[in-house]
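Q: sequence? don't have it. structure:
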């Protein structure tokens, strides 16, 4: 969602993002005319932009700015305070410069688990957390370790527009599942799974809260229904819950995270503790006859089993006894303690990130899963070789949590700012584009705009960019309908969002009049 511009002395060409706005301004030092205003790596206000000498080292023309929070949400002072505490106080420890344990430092995981427990009202066990390099890494880790090339992965549509590349590069086959106003269409999924030739998935990838791009949140009763399907048809759920902590203050309390819903259902006897075959519902590496991907060869025997990532002597969800993988796991001390029957039945991996609640530049996140699933994530070759993900960033985040700085920033800065931006954008849409429809977001980053059935958002984008200097993400990029568009309220200030909507409205009027 960006275009490159040059930043030179006496010029302030910047980079284009969603709903980019042109400015015309004269100042004593230079003139900004017909140029893109953006707030990513250049520190500028709504009407002024710093000169090139004031732009930091990371002002790159090909910077990945399309999903970044606004510069006013990036807490440089908080990061500095966390770093000072971690590296130059009694908390300083030279072992933070080591490779570190694969799962992440225990003290950090305990602090993170306490924060998540307080924030979600769902008990999080630090021993069921693994530190990741953000949600993108978590998706990749889960798909590569809990599925095999050729296996089917259910993906709701629309979805996060960059997730597809991660799944395709893992070699899995994506099976689309439609969405409705409340999120993933669980009834449609149930009908798909009931068909004799329907999908037999290993995983389902979903963004169940403040969905990117649709902004939907799957209600509690639909989460329960989805979990029943996962346990009946023996697939695991990868829940991308990166927006879990970004509900607006005036919104109803969000449903519990997927793992919390599952654990409560298991405790209440609403989900089986064993699968239909009589064993624990672990199975990330196992494939029953019912689950066999339609695209896989039907040959049997040890060779075919090996191609599926298992052997005839292999117990469900485990590596082959005596295999090199197990020997390395023992050497790296990756074995987790025995788990209780409720944990052993879990089929949910929950993903979270500091990118949306602190800073994306930390490249830091987490995955929460029961031990039998976590064990597979920990046996990733990259983690085995490199050890803990981002120990320095973990140390800074650890201090920010310990000092209460992150909690304060989340509640006093991020959530109010996002809510203000959302209100400004939606008010402008109702005023300037009343013919278009959308659901009012209750949190997150995005508005999913229905431009009308006769509008192709990809064609509109070309016209809007060329004639009106405004951009957005077209629906097809998110595997959505061609008349849909994703707008972000996380980057620009309210007045800029309002100006962006005016330009988009003008572009739509031109489009409807026949301009292309």
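A: Good, I have the coordinates. All of these numbers come straight from a predicted model, not from anything done at the bench.

Q: Quick check: which ranges of the protein have low pLDDT?
A: Scanning the chain for pLDDT under 70 picks out 1-67, 275-335.

Q: Residue 137 versus the closest residue to residue 134 other than its chain neighbours, what's the distance?
A: Nearest residue to residue 134, sequence neighbours excluded (Cβ to Cβ, 6 or more residues apart in numbering): residue 365, at 4.3 Å. (C-beta placed from N, C-alpha, C; glycine too.) Computed as Cβ to Cβ, to the nearest Å, the residue 365 to residue 137 distance reads 7 Å.

Q: Residue 348 now?
A: 18 Å.

Q: Likewise for residue 376?
A: 15 Å.

Q: With residue 393 instead?
A: Distance check for residue 393 against residue 137: by Cβ to Cβ, it reads 12 Å.

Q: circling back to that earlier point, test my guess that the residue nearest to residue 134 contacts residue 135.
A: Yes: between residue 365 and residue 135 there is a contact under Cβ atoms under 8 Å: 5.4 Å.

Q: what do those two both touch?
A: 242, 351-353, 355 (Cβ atoms under 8 Å, 6 or more residues apart in numbering).

Q: Show me which of the residues you listed is closest to residue 170.
A: residue 351 (15.1 Å; Cβ to Cβ).

Q: OK, contacts around the closest one?
A: 132, 135, 138-139, 142, 238-242, 365-368.

Q: Sort out which of the residues you listed are in helices and list them.
A: If you go by DSSP state H, the contacts of residue 351 have 135, 138-139, 142 in helices.

Q: Just send those back as JSON lines, with neighbour count too.
A: JSON lines is the format used below for the ones in helices among the contacts of residue 351 (neighbours: other Cβ atoms under 10 Å):
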{"residue": "135", "neighbour count": "23"}
{"residue": "138", "neighbour count": "28"}
{"residue": "139", "neighbour count": "24"}
{"residue": "142", "neighbour count": "29"}
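
Q: now those residues in a markdown table, with distance to residue 93?
A: Below are the ones in helices among the contacts of residue 351 laid out as a markdown table (distance: Cβ to Cβ, whole Å):
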| residue | distance to residue 93 |
| --- | --- |
| 135 | 28 |
| 138 | 26 |
| 139 | 31 |
| 142 | 30 |
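
Q: ok, so of the residues you listed, who is nearest residue 436?
A: residue 135 (29.6 Å).

Q: Would you agree the closest one is in contact with residue 355?
A: Yes: using Cβ under 8 Å, residue 135 is in contact with residue 355, at 7.2 Å.

Q: so what's in contact with those two at the same time?
A: Contacts common to residue 135 and residue 355, judged by Cβ under 8 Å, 6+ apart, are 242, 365.

Q: just the strands in the protein please.
A: 21-26, 31-37, 129-132, 152-157, 173-180, 183-184, 203-206, 236-240, 348-353, 365-368, 446-450, 473-474, 484-488 (DSSP state E).

Q: Which neighbours in the sheet does the longest one have, and how are they oriented?
A: Applying DSSP bridges, strand 173-180 is found paired with strand 152-157 (parallel), strand 183-184 (antiparallel).

Q: what do you get for the last one?
A: Pairing partners of strand 484-488, with direction, according to DSSP bridges: strand 446-450 (antiparallel), strand 473-474 (antiparallel).

Q: Next: the third one.
A: Taking DSSP bridges as the criterion, strand 129-132 sits next to strand 365-368 (antiparallel) in its sheet.

Q: Contacts for the strand it pairs with, please.
A: With contact meaning Cβ under 8 Å, 6+ apart, strand 365-368 is reached by 104, 112, 116, 124, 128-135, 137-138, 141-142, 242, 259, 349-355, 374, 377.

Q: returning to what we had before: out of the strands of the chain, the one nearest residue 389 is which?
A: strand 129-132 (4.9 Å).

Q: Test of understanding: give the bridge partners of the residue nearest to residue 134.
A: For residue 365, the beta-bridge partners are residue 132, residue 353 (DSSP bridges).

Q: separation between it and residue 482?
A: On the measure of Cβ to Cβ, residue 365 and residue 482 end up 32 Å apart.

Q: Who has more neighbours out of these two?
A: Neighbour count, other Cβ atoms under 10 Å: between residue 365 and residue 482, residue 365 has more, with 23 against 16.

Q: so how far is residue 113 from residue 401?
A: Distance of residue 401 to residue 113, given as Cβ to Cβ: 10 Å.

Q: And for residue 188?
A: 35 Å.

Q: Between those two, which is the more surrounded one?
A: residue 113 (19 against 13).

Q: picking up where we left off before, so which of the strands paired with strand 173-180 is nearest residue 197?
A: So among the strands paired with strand 173-180, strand 152-157 is nearest, using Cβ to Cβ, at 12.3 Å.

Q: you'd agree residue 448 is up against residue 212?
A: No: with contact defined as Cβ under 8 Å, residue 448 and residue 212 do not form a contacting pair (9.4 Å).

Q: Give me the common contacts of these two.
A: Counting by Cβ under 8 Å, 6+ apart, the residues touching both residue 448 and residue 212 are residue 486.

Q: Contact partners for residue 498?
A: Contacts of residue 498 by Cβ under 8 Å, 6+ apart are 424-425, 427-428.

Q: mind putting these in TSV, distance to residue 76 and neighbour count included?
A: Below are the contacts of residue 498 laid out as TSV (distance: Cβ to Cβ, whole Å; neighbours: other Cβ atoms under 10 Å):
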residue	distance to residue 76	neighbour count
424	25	19
425	26	25
427	30	14
428	30	21
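
Q: Taking these, tell me the two that lie furthest apart.
A: Among the contacts of residue 498, the pair separated by the greatest distance (Cβ to Cβ) is 425 and 427, at 7.3 Å.

Q: Pretty sure residue 337 sits against residue 370.
A: No: Residue 337 is beyond contact range of residue 370, at 12.0 Å (criterion: Cβ under 8 Å).

Q: the more surrounded of those two?
A: residue 370 (24 against 6).

Q: what's the closest non-adjacent residue to that one?
A: In space, and not counting its chain neighbours, residue 370 is closest to residue 346: 3.7 Å by Cβ to Cβ, 6+ apart.

Q: Give me the distance between the one you found and residue 137.
A: 21 Å.

Q: if you count what's nearby, which of the two comes out ahead?
A: Using other Cβ under 10 Å, the more surrounded residue of residue 346 and residue 137 is residue 346, with 28 against 22.
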